[in-house]
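**Q** A predicted structure for the sequence below; I have some questions about it.
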Amino acid sequence: FKRIAKVIQERNSHIRPSYIFMPTYNCNLRCPYCYQDHMRSDPKFEHLLSTIMQPELVDRVFEAMPRIEAQHEVPEEAETPLSVGFYGGEPLLEQNHSIVEYIVDKALAQGETSFSAVTNGTELSAYQDLLGPDKISTLQITLDGPPPEHDKRRVYADGSGSFERIAQNITMALDL
């Protein structure tokens, strides 16, 4: 086990790390099992729910990437594409589009990049211009069973279900 772990660690120590961006802690669903739900009831987190990542912070992350990669002993001429993921809250809320687009554009300016997102899929239609093989090409979207079951668990703030909208957006994303 130690020998295998050492080989894996050695191989991965020279690979470009993946970068995960969290544009916001906010989410448009109120799933009863959400591990971030406590943020809505605790006033000390209120400022985080109303904040969207700003371009200045994105710039700082991109400026830090060469130092991070140097610490990982990634060669400057590494052929590994940049890997950028989006996570949240709900990273692909329509209100986050401009910062997500800024991150995508900034990453693509550096060269080949693979993009992914963990999303509830409810507002994907606002991201049609950023979905596809050359931009955000991998999505993780959860459906909690058939429509009646899903709509009990993946609900909007008003209590309405989200299955139909998510299903339509999955189809749209697959088409792209």
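**A** That came through fine. Residues are numbered from 1 along each chain as shown.

**Q** which parts of the helix or strand of the chain with the lowest mean pLDDT are buried?
**A** Between all helices and strands in the chain, the lowest mean by mean pLDDT, DSSP states H and E belongs to helix 38-41, at a mean of 78. Within helix 38-41, the residues scored as buried using 16 or more other C-beta atoms under 10 Å are 39-40. Any C-beta I mention is one placed from the backbone N, CA and C, and that applies to glycine too.

**Q** which helices and strands does that helix pack with?
**A** Helix 38-41 makes packing contacts with helix 46-49 when contacts are defined by 3 or more C-beta pairs under 8 Å, 6 or more residues apart in numbering; DSSP states H and E.

**Q** circling back to that earlier point, now do the least confident helix or strand of the chain: distance to the chain's middle.
**A** 21 Å (C-alpha atoms, centre = their mean, to the nearest Å).

**Q** likewise for stretch 29-48?
**A** Averaging C-alpha positions (C-alpha atoms, centre = their mean) puts stretch 29-48 18 Å from its chain's average.

**Q** ok, and what's touching that stretch?
**A** Residues from elsewhere that reach stretch 29-48 (C-beta atoms under 8 Å, 6 or more residues apart in numbering): 25, 27, 49, 89-90, 120, 122, 153-157, 162.

**Q** can I get the least confident helix or strand of the chain in CSV, CA atoms only?
**A** Backbone C-alpha positions of helix 38-41 (Å, rounded to 0.1, in the frame of the first residue of the first chain) are rendered in CSV as follows:
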residue,chain,number,x,y,z
HIS,A,38,-27.5,26.7,8.3
MET,A,39,-26.1,29.8,6.5
ARG,A,40,-29.7,31.1,5.9
SER,A,41,-30.6,31.0,9.6
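
**Q** first-to-last residue distance for stretch 102-122?
**A** End-to-end distance for stretch 102-122, by C-alpha to C-alpha, to the nearest Å: 21 Å.
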